[in-house]
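# Quick one, what's the 3D model for this:
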Amino acid sequence: MTKLKLFLVVCLAAISFQFANAQITLQSVKPGQELLVKPDNDTIWVMNNERMVKVIETGRLYRLEKEKSELLTKKCDTLQQIITEKTELADTLKARGDRWFQEQQKAHENTIEAGMMAKKYRRRARLASIGIGLGAIAGFAIGYLIFK
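Numbers count the residues shown, from 1 in each chain. Reported below is the predicted structural model:
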């Protein structure tokens, strides 16, 4: 009985090995060796060793470049987000600066207007002082003439 089990296990292993061998996608054919292949659903490519090494190297480089591209895409997205935030901040600061500039301009206009009013009141005060002085002199003169 154990011999039968052992025979069955060996047969199953041989069948599974051949089935697994049929699934291999890359198979080397040495110089002088022949291989009969029937393509079922796929295209068969025949390449020499040098070309195969270049294809494998190109595949590795493609994978590396794809990873770089994904990384650079992530960096671009991050930079675009930062640019958006900075643009919003710059717009906010510009709005604040414009408001500050308008307030400064209004304060400057108010200062000029206050200076003109002060000049007008100073002139009026000077005229009033001259008038009071002339009035006092005239009052003394009239009082002197009346009470003489």
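
# name the helices or strands packed onto the strand or helix carrying E103?
Assigned by DSSP states H and E, E103 belongs to helix 49-146. Using 3 or more Cβ pairs under 8 Å, 6 or more residues apart in numbering; DSSP states H and E as the contact criterion, no helix or strand is in contact with helix 49-146. Placement of C-beta: from N, CA and C, glycine included.

# gap between that helix and the chain center?
Here helix 49-146 is found 25 Å from its chain centre; the criterion is Cα atoms, centre = their mean, to the nearest Å.

# average model confidence for that helix?
Helix 49-146 carries an average pLDDT of 92.

# Kindly report the same for stretch 27-44.
For stretch 27-44, the per-residue pLDDT averages 75.

# Quick one: end-to-end length of it, please.
From its first residue to its last, stretch 27-44 covers 11 Å (Cα to Cα, to the nearest Å).

# For that stretch, what is the distance to the chain centroid?
Stretch 27-44 sits 52 Å away from the centroid of its parent chain (Cα atoms, centre = their mean).

# Would you indicate which residues of it are buried?
By neighbour count on 16 or more other Cβ atoms under 10 Å, the buried set for stretch 27-44 is empty.

# I appreciate the help and will end here.
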